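**Student:** fold the following.
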Amino acid sequence: MSTELQTLALDILEWADANDITKAELIRQHPGLGSDKTLGSIAAGRLAELDTDRWLEAYRAVAAQIAPEAAEDADPLFEDLSTAKQVRAHFTRLKMSRTNAKLVIVEGHTGMGKTSAGRIIERKMRELNPVASLYQIEASAGWGDRPNAMLSAMLRALGMPDSSRSQAARLDKLVEALNARAVVFIVDEVHDVGVRCLRVLKTLLNQSPVKIVLLTHPRLFRDLERENWDDVGQLTGNRLLARINLGAIKTEDVALILSRRLPALNGTTKDAAAKLTQAANGNGNFAFVREVIVRALKDQAKTKQPVDLPKIDALIRAELAARRSTLIG
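**Tutor:** I've put the predicted structure just below:
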């Protein structure tokens, strides 16, 4: 974390120098950098007396403003968004659990931040324990209902190349490894698997101390449940610690993102967040918010003018238009 913060400060200073912007002007344009003394201390790596979490978020926001193209594909990893806080709270319970309840299911529609939440809890866990045995795996549609593919992916994540000739041998090898050390698997897009893979997950939970977080689309996972009620019921019975539905995006979360990514909105942040939340719901959710912000940052960089509420309105309309299907004929 401290290395990233110092690197950001040095990159920002280099960008300013390359664009003939003085340090004083840089700080005036981007007050999130703090004072001249703060910027100098961070660039020099003198961080002992600083709140590194706070300054890291601020410097990431400034970096996104001056080089929006670099952040185009990145979701903001804001751990204090309500969705992330829900997942963090239940993940802490999962880590502390000493019962058979070793499974957390996180449901969220596309763009609601499931994957980002998974990355946040991985980052937080590694900050507490750099050698933590936590692994993120994305279920592939190519797995289908083939447990062998899932078992191989888990073994690879553990750094164990697999040459087993049968599913039983693969499963035994993985169970042995999971009983040798405490492991957490975060499995994304789990709605892409089938019932045979879910049965194997149940076996892993039964035969080892492994803990599992499943990230899934609510409707698709419920379709899987309806078709395989008994099997999914066994998985989510006494093994389930929590089932979280991220619901719809909240204006408060959008306002938080805007305050960090577009601080120039100032007093209009709340109104902009309300408009953006209404447009984003069902149209990509946080992914829609991200794309509007990218448009705003590009416009700001091009025009050298801060983005205001009318501009946010125009950018929302542009993003909605870009997402509509083109009618042919």
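
**Student:** roughly how far does residue 28 sit from residue 304?
**Tutor:** From residue 28 across to residue 304, the span is 13 Å (CB to CB, to the nearest Å). All C-beta spots, glycine's among them, are computed from the backbone N, C-alpha and C.

**Student:** now residue 173
**Tutor:** Per CB to CB, residue 173 is found 60 Å from residue 304.

**Student:** who's more crowded, these two?
**Tutor:** Taking other CB atoms under 10 Å, residue 173 and residue 304 do not tie; residue 173 has more neighbours (17 against 7).

**Student:** contacts for the helix or strand that one falls within?
**Tutor:** Following DSSP states H and E, one finds residue 173 within helix 167-180. Here helix 167-180 makes contact (CB atoms under 8 Å, 6 or more residues apart in numbering) with 147-148, 151-152, 154-155, 158, 160, 162, 164, 183, 200, 203-204, 207-210.

**Student:** quick check: PyMOL command selecting the buried ones in these.
**Tutor:** Restricted to buried positions by 16 or more other CB atoms under 10 Å, the PyMOL selection for these reads:
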select buried, resi 147+148+151+152+154+155+158+162+164+183+200+204+208+210
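
**Student:** which ones among the contacts of helix 167-180 lie within helices?
**Tutor:** Under the assignment DSSP state H, the contacts of helix 167-180 contribute 147, 148, 151, 152, 154, 155, 200, 203, 204, 207 to helices.

**Student:** mind listing what the third one touches?
**Tutor:** With contacts taken as CB under 8 Å, 6+ apart, residue 151 has the following neighbours: 162, 167, 170, 171, 174, 200.

**Student:** nearest to residue 92 among these?
**Tutor:** Residue 92 has its nearest neighbour among these in residue 174, at 25.7 Å by CB to CB.

**Student:** burial count for residue 7?
**Tutor:** Using other CB under 10 Å, residue 7 is surrounded by 15 other residues.

**Student:** can you list the neighbours in contact with whichever strand or helix holds residue 294?
**Tutor:** If you go by DSSP H and E, residue 294 is part of helix 286-303. By CB under 8 Å, 6+ apart, the residues outside helix 286-303 that reach it are 64-66, 68-69, 71-72, 75-76, 110-113, 116, 249, 253-254, 257-258, 261-262, 264, 276-277, 279-280, 284, 306-307, 311-312, 315-316, 318-319, 323.
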